[in-house]
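Asks: whatever this is, show me its structure:
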Amino acid sequence: MRLYIKNMVCPRCITAVRNELEQMKIDTVSIELGEVEIASELSHEETQQLDHSLKKLGFELIGDRKSRMIEQIKNEIVYLVHHSDEALTTNLSTWLADKLHYDYTYLSNLFSEVEGTTIEKYYITQRIEKVKELLVYDELSLSEIADALGYSSTAYLSSQFKKVTGLTPTFYKSIKETKRKNIDEL
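Replies: Residues are numbered from 1 along each chain as shown. Presented below is the predicted three-dimensional model:
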């Protein structure tokens, strides 16, 4: 039996869900972002108890097909941007349609209808969040970040960053540096 879980976006989320399932003595076959395969059917009471426990952790069981599809779209994009070294060798629409085995027009219309934004804007938002993270780590130059995230140029990354955040990457980085304190100052 498959369970679909909203808001699972990182390896720590998988660990948190795995721990909850183990506490409830639910045998799992596999756990991935947004999806858990369990060994046997859950009773109605067990499902409600699991949903309640997951909500305390910031997760939620997803019941209807549309919500599951939206969560799958989000999980694929989050994985691509934040957890994968896979370079996008095609456009996002083709990649997503191939990954989820659905026509992109269907995916796009469903996502826009439910989320009130486009898949492309969601993807851009995730990429900018990754840029912010990399800027704060201060291990890569802006040019290296642009290369790592598949931007055609540093100028394009900077332009998109400013459009989304209202700040230049350099200014954002300087703000974050001034707000951060050394551990001995805490």
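Asks: centre-most residue in this protein?
Replies: residue 78 (2.8 Å; C-alpha atoms, centre = their mean).
Asks: distance of that residue from residue 125?
Replies: 11 Å (C-beta to C-beta, to the nearest Å). For every residue, glycine as well, the C-beta is placed using N, CA and C.
Asks: what does residue 77 give?
Replies: Relative to residue 125, and taking C-beta to C-beta, residue 77 is found at 9 Å.
Asks: now residue 79
Replies: If you measure residue 79 against residue 125 using C-beta to C-beta, the figure is 15 Å.
Asks: what number of residues lie near residue 168?
Replies: The local packing of residue 168 (other C-beta atoms under 10 Å) involves 14 other residues.
Asks: which strand or helix spans the residue lying closest to it once chain neighbours are set aside?
Replies: Leaving aside its sequence neighbours, residue 168 sits nearest to residue 162 (C-beta to C-beta, 6 or more residues apart in numbering; 5.5 Å). In this structure, residue 162 sits in helix 154-165 according to DSSP states H and E.
Asks: longest helix in the chain, by number of residues?
Replies: Ranked by residue count, the top helix of the chain under DSSP state H comes out as helix 119-137.
Asks: can you list the buried residues in the next helix or strand after that one?
Replies: Sequence order places helix 142-148 as the next helix or strand after helix 119-137, per DSSP H and E. Neighbour-count burial for helix 142-148, with 16 or more other C-beta atoms under 10 Å as criterion, is recorded at 142, 145, 146.
Asks: wait, the first one touches residue 171, no?
Replies: It refers to residue 142. No - Residue 142 lies out of contact with residue 171 (C-beta atoms under 8 Å); the separation is 12.0 Å.
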